[in-house]
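In: sequence plus predicted model, see below.
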Amino acid sequence: MFVDIITETRFAQPTANFSEKLFQAIQYQKPFIVVAPPKTLEYIRSLGFKTFNDYWDESYDDELHHGERLAKLFYVMHEVVTAPIDKLRDMYEDMRPIVEHNLKVYKEFIK
């Protein structure tokens, strides 16, 4: 699949968090959508990783209402998984610097 949809165990809580599931996507150089508490993408970026707001709407990360955040996530997932394969191939080539950057940051992070 083109994108990893990472579903964290915790979703309806006020504190951003992520698990080793994110690192699996990064190791395989895959873009990701994170189904997690609000501000999780912000937290991920604060550690030096890059996310994919240039390619799809990541405003779901700022949504505090859990139901609304989930609805925004479903919309983003639908847009990505229904995109034509040629568009996804071109998109991946364009985002290659991001996934390579994330792998580099990950390797430094685990030292």
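Out: Sure, I can see it. Numbers count the residues shown, from 1 in each chain.

In: okay, strands next: where are they in the chain?
Out: With DSSP state E as the criterion, the chain has strands at 4-7, 32-35.

In: now for the last one, which elements pack on it?
Out: It stands for strand 32-35. With contacts defined as 3 or more C-beta pairs under 8 Å, 6 or more residues apart in numbering; DSSP states H and E, the packing partners of strand 32-35 are strand 4-7, helix 20-27, helix 40-46, helix 66-81. Just so you know, the C-beta spots here come from the backbone N, C-alpha and C atoms, and that holds for glycine as well.

In: who wins for proximity to Pro14 among these?
Out: helix 66-81 (9.9 Å; C-beta to C-beta).

In: tell me which residues of the closest one are tucked away?
Out: Neighbour counts over helix 66-81 (16 or more other C-beta atoms under 10 Å) mark 69, 72-73, 76, 80 as buried.

In: check these and tell me the two furthest apart.
Out: Arg69 and Val80 (16.6 Å).

In: cool, thanks, signing off.
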